[in-house]
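In: quick one, structure for this:
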Amino acid sequence: MSEWGLPNWRNEEAYPKELTVAVWRWQFIRKTKAYRDYYDENAVLWYEEHLPRHLAAKAMFDAGQITEIDGDFAWVFALDRPDGDIPYNLKDAFSHPDDLYFICDCPDDNPFGFEFLVNPRRHEPESGLFHFGRGAPLTIHRRGDQIPDPEESQLVFTVNLLLPTGDQIKQATVIVAKRKKRLNIKDKRPRLEHYPHYLQVLDAKEAGASLSEVAQLLPKAMSNRSEQAAGNFLTQAEEVRDSI
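Out: Numbering: from 1, shown residues only. Model prediction:
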């Protein structure tokens with residue numbers, strides 16, 4: 001495994017073949033610089049905020065005032081190890097963001113739609129850690145924010161919470177559909193069977209592989225293994241990674 005928990009990109013068998021939609025998203029998103037930077041920044045903030053609470057709870061445990069962890073302390077340890085029971089007890093050390101199995105609550109306004117903040121170096125987390133609920137992430141602007149000029153492929157809406165939101169959302173949906181038709185933008189549906197290969201070529205690129213090496217990783221059903229075909233496939237993989 002590399003620093004970011006990436007498999008050996010030369011080994012096709014190291015890549016998953018069947019995952020839930022949520023974990024497929026995780027496998028792609030954890031490869032982005034945006035999520036890696038977001039984790040490194042926000043996990044440390046969470047850790048520094050909760051460390052005093054942990055120390056207080058541990059002192060109570062050491063003094064015999066409490067004997068086991070309860071719901072109020074459940075996330076203090078921010079740990080979810082696969083080797084046995086989840087250690088929700090005060091005998092275990094407080095997990096640091098550098099710990100591979102660190103996990104904590106994710107800020108509500110995170111741009112990834114995550115409920116939990118999971119270490120991106122973790123290759124195979126439990127699928128139950130991912131509850132996306134929000135679908136494709138939106139950029140939320142609040143009162144006082146400076147709203148940038150939208151690009152041609154973007155639309156900005158203001159929702160009045162004092163009025164029925166359902167009607168406003170329906171109207172926005174109609175406007176979005178008309179704009180996409182005018183710009184000839186179609187929803188791309190990447191082939192799920194290509195996902196393992198997409199992950200593999202993304203890792204190969206990150207490791208510094210050449211296009212000729214990437215060409216050898218293309219699905220066996222693809223007869224064209226030229227560098228151009230490899231470049232096109234890599235572009236498809238990057239589009240999935242950045243939009244999934």
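In: what's downstream of the longest helix seen in the chain, the next helix or strand?
Out: Ranked by residue count and defined by DSSP state H, the top helix of the chain is helix 33-62. Once helix 33-62 ends, the next helix or strand along the chain (criterion: DSSP states H and E) is strand 103-105.
In: that older thread, counting contacts, what elements does the longest helix of the chain pack onto?
Out: Counting contacts by 3 or more Cβ pairs under 8 Å, 6 or more residues apart in numbering; DSSP states H and E, helix 33-62 is packed against strand 103-105, strand 116-118. Using the backbone N, CA and C atoms, a C-beta is placed for each residue, glycine as well.
In: and those, which one is worst for confidence?
Out: Of all the helices and strands packed on helix 33-62, the minimum mean pLDDT falls on strand 103-105 (a mean of 80).
In: what are the pairing partners of the element among helices and strands of the chain having the smallest mean pLDDT, and which direction each?
Out: For the chain, using mean pLDDT, DSSP states H and E, the weakest element among its helices and strands is strand 103-105, scoring a mean of 80. Strands adjacent to strand 103-105 in the sheet, as given by DSSP bridges, are strand 116-118 (antiparallel).
In: identify each buried residue in the strand it pairs with, please.
Out: Judged by neighbour count using 16 or more other Cβ atoms under 10 Å, the buried positions of strand 116-118 are 116, 117, 118.
In: and stretch 48-55, by the same measure?
Out: Per 16+ other Cβ under 10 Å, stretch 48-55 contains these buried residues: 50, 54.
In: my guess is residue 102 meets residue 96, correct?
Out: Yes: using Cβ atoms under 8 Å, residue 102 makes contact with residue 96 at a distance of 6.7 Å.
In: neighbour count winner among the two?
Out: Under the criterion of other Cβ atoms under 10 Å, the comparison of residue 102 against residue 96 puts residue 102 first, with 22 against 13.
In: is the more buried one bridged to anything, and to what?
Out: Beta-bridge partners of residue 102, counted by DSSP bridges, are residue 79.
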